[in-house]
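# Output the structure for:
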Amino acid sequence: MSSGKAVDTKRSKLIAARVNRLSPSGIRKFFDLLESMEGVISLGVGEPDYATPWPISEAAVKSLEKGQTMYTSNSGIPELRELTARYLRDNYKVDYDPDGEILMTVGVSEALDLAMRALLDPGDEVIMPDPCYVAYDSCVILAGGEPVKVPTSQASGFEVDAADIEARITPRTRAILIGYPANPTGAVMSREKLLALAKVAKKHDLTVVSDEIYARLVYGAGHTCFASLPGMKGRTILLGGFSKAYAMTGWRIGYAAAPREIITAMTKIHQYTIMSAPTMAQMAAIQALKTGEASVREMVEDYNRRRKVIVRGLCDIGLSCYEPRGAFYAFPSIAATGMKSEEFSEKLLMEEKVAVVPGSAFGACGEGYVRCCYATSLAEIEEALQRMKRFVARHKK
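Residues are numbered from 1 along each chain as shown. Got it, this is the predicted structure:
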């Protein structure tokens, strides 16, 4: 018996405590289930159903034909950094030096990880909304920090309130992490509320990490780049990328823009863990910034049509739904069924072969909701709504 206990103790030390704290992704669980099922309509995967526009893909093909397969600069191809800086200046009136204030990364996911590791010492706290993207609190934990959640609700449009953030600031608070337009809710923060948040950040000398990967996907609402607010460029790490707006999820190309001192720190980590973003993906991103605007506008118009259909359809079948103003997610309440989010999602998948993601995967305040991605065809959205109508009718309280 004693030897068995010794083995258990030893094995428990094989994995770092911060990794043991992490829960498996609530999104991945349902993707694994639907892979073994036929006839499933997926409203779960958070990616465009479009193929990457051909001129963008062709640029990568040509780079391969030319033998452009070597490492690039750690920071990324100079032309790409220059075009990214121009894009941010032209669209949001914020100026970054492409040589020292912009870092090309392997998607926004790497940029977020680098930001947390560059900022945090063990025990430092990062304040973020709840619900929020599944990687936010995990990246903080993996960097040795502590996530601090601020509840949001459908009643407030899932916009985080500056006063609620300020109430949670402690001597250990190092940063505020926000992502608007938001995954999973589709919320868009108003300029006025962002200005109030900026005031709190300045008052308490905090860094704001602003994930703006969905910045181009807004409907009837303008996007405010946080770094463009008065006095905020110097205390903001702006995260962006090409996955969503340009239908380039699998290319894994993103960027961080921030003050030189922060980008230098992030680049140190990037050098030792990644080296450089994929060369072919960077060449594709260059083409996206040069010629992709028409495709982006076309896709946004199409998403808007789908958005209207799914929100109206969900409300009609008894699932109250906040009208998302950005990204490509609807986040309906399932209170009418009396089920928990995971139970609803599992039963819907098994009974009607529609895949959605439990809201609880995105935080405690996501319980009682499910995430439905409308980046799929109108025909599939309409069929999914019919199946969900049958399901809700059977299970309504």
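
# which residue ranges form the helices in the stretch 201-350 of the chain?
Secondary structure of the stretch 201-350 of the chain (DSSP state H, counting those that start in this stretch): helices at 260-273, 279-291, 293-316, 341-352.

# which one of the ones you listed has the most crowded surroundings?
Comparing those by mean neighbour count (mean count of other CB atoms under 10 Å), helix 279-291 ranks first with a mean of 21. To be clear about C-beta, it is placed using only N, CA and C from the backbone, and glycine gets the same treatment.

# and it with helix 293-316, angle?
For helix 279-291 against helix 293-316, the angle between stretch directions is 90 degrees (axes from the mean of the first three to the mean of the last three CA atoms, to 10 degrees).

# For this protein, which segments count as strands?
With strands called from DSSP state E, the chain shows them at 41-42, 102-105, 125-130, 146-151, 173-179, 207-211, 236-241, 254-257, 329-330, 354-355, 357-358, 370-373.

# Show me the one of those that comes nearest I15.
strand 146-151 (19.2 Å; CB to CB).

# now the strands of the chain in JSON lines, with mean neighbour count, mean pLDDT and distance to E293?
Listed next are the strands of the chain as JSON lines, based on neighbours: other CB atoms under 10 Å; pLDDT from 0 to 100; distance: least, CB to CB, whole Å:
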{"stretch": "strand 41-42", "mean neighbour count": "21", "mean pLDDT": "93", "distance to E293": "29"}
{"stretch": "strand 102-105", "mean neighbour count": "26", "mean pLDDT": "98", "distance to E293": "20"}
{"stretch": "strand 125-130", "mean neighbour count": "24", "mean pLDDT": "98", "distance to E293": "30"}
{"stretch": "strand 146-151", "mean neighbour count": "18", "mean pLDDT": "98", "distance to E293": "35"}
{"stretch": "strand 173-179", "mean neighbour count": "24", "mean pLDDT": "98", "distance to E293": "24"}
{"stretch": "strand 207-211", "mean neighbour count": "25", "mean pLDDT": "98", "distance to E293": "22"}
{"stretch": "strand 236-241", "mean neighbour count": "27", "mean pLDDT": "98", "distance to E293": "15"}
{"stretch": "strand 254-257", "mean neighbour count": "27", "mean pLDDT": "98", "distance to E293": "18"}
{"stretch": "strand 329-330", "mean neighbour count": "27", "mean pLDDT": "98", "distance to E293": "24"}
{"stretch": "strand 354-355", "mean neighbour count": "22", "mean pLDDT": "95", "distance to E293": "32"}
{"stretch": "strand 357-358", "mean neighbour count": "29", "mean pLDDT": "95", "distance to E293": "31"}
{"stretch": "strand 370-373", "mean neighbour count": "27", "mean pLDDT": "98", "distance to E293": "24"}
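
# of those strands, which approaches D137 most closely?
strand 146-151 (3.7 Å).

# Which parts of the chain belong to which domain?
For the chain, automatic domain parsing gives the domain ranges 2-51+295-395, 54-292.

# Which of those comes out lowest on mean pLDDT?
Of all these, mean pLDDT reaches its minimum on domain 2-51+295-395 (a mean of 89).

# Check the offset of it from the chain's centre.
14 Å (CA atoms, centre = their mean, to the nearest Å).

# cool, stretch 379-396 as well?
Per CA atoms, centre = their mean, the centroid offset for stretch 379-396 relative to its chain is 27 Å.

# Go through that stretch and flag the buried ones.
With burial defined by 16 or more other CB atoms under 10 Å, the residues of stretch 379-396 counted as buried are E380, I381, A384, L385, M388, K389, F391, V392, H395.

# For these, please prepare CSV with the additional fields distance to T52.
Formatted as CSV, the buried residues of stretch 379-396 follow (distance: CB to CB, whole Å):
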residue, distance to T52
E380, 20
I381, 22
A384, 25
L385, 28
M388, 30
K389, 34
F391, 34
V392, 36
H395, 39
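
# Which pair of those residues spans the longest distance?
So, the buried residues of stretch 379-396 by CB to CB: farthest apart are E380 and H395, at 22.1 Å.

# Which among the helices of the stretch 201-350 of the chain is found nearest to L120?
If you check each of these against L120 by CB to CB, helix 260-273 wins as the nearest, at 11.2 Å.

# Contacts made by the closest one with the rest, please.
The contact list for helix 260-273 (CB atoms under 8 Å, 6 or more residues apart in numbering) reads 74-75, 97, 100-103, 105, 110-111, 114-115, 117-119, 207, 237, 256-258.

# ok and that helix relative to strand 207-211, angle-wise?
Using the same axes, to 10 degrees: helix 260-273 against strand 207-211 is 60 degrees.

# now the angle between strand 236-241 and helix 260-273, please.
50 degrees.

# what distance separates helix 260-273 from the centre of its chain?
21 Å.

# Run a quick check on V106 versus R252, I expect a contact.
Yes: look at V106 against R252 with CB atoms under 8 Å: they come within range, at 4.8 Å.

# Identify the contacts common to those two.
A277, P278.

# ok, those two, which is more surrounded?
Per other CB atoms under 10 Å, whichever of V106 and R252 has more neighbours is V106, with 22 against 18.

# quick one: contacts for that one?
Per CB under 8 Å, 6+ apart, neighbours of V106: R252, I253, G254, I274, A277, P278.

# and the second one, what does it touch?
So that's I253. By CB under 8 Å, 6+ apart, the neighbours of I253 are 104-107, 241-243, 277-278, 281-282, 284-285.

# Return the member of those residues nearest to G44.
Of all the contacts of I253, G44 sits closest to S243, with 16.3 Å by CB to CB.

# any idea how far the nearest residue to the closest one once chain neighbours are set aside lies from A384?
Of all residues not flanking S243 in the chain, T249 sits nearest, at 4.4 Å (CB to CB, 6 or more residues apart in numbering). Counting by CB to CB, to the nearest Å, the separation of T249 from A384 is 21 Å.

# repeat for D49
Distance, D49 to A384, by CB to CB: 13 Å.

# swap in L314?
10 Å.

# Same check on S243?
23 Å.

# Can I get stretch 58-68 as PDB, trimmed to CA atoms?
The C-alpha trace of stretch 58-68 is given here as PDB (Å, rounded to 0.1, in the frame of the first residue of the first chain):
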ATOM      1  CA  GLU A  58      -2.400  32.500 -55.100                       C
ATOM      2  CA  ALA A  59       0.100  34.800 -53.500                       C
ATOM      3  CA  ALA A  60       1.100  32.000 -51.100                       C
ATOM      4  CA  VAL A  61       1.300  29.500 -54.000                       C
ATOM      5  CA  LYS A  62       3.600  31.900 -55.900                       C
ATOM      6  CA  SER A  63       5.800  32.300 -52.900                       C
ATOM      7  CA  LEU A  64       6.300  28.500 -52.800                       C
ATOM      8  CA  GLU A  65       7.000  28.400 -56.500                       C
ATOM      9  CA  LYS A  66       9.700  31.100 -56.000                       C
ATOM     10  CA  GLY A  67      11.300  29.100 -53.100                       C
ATOM     11  CA  GLN A  68      10.400  31.600 -50.500                       C
END
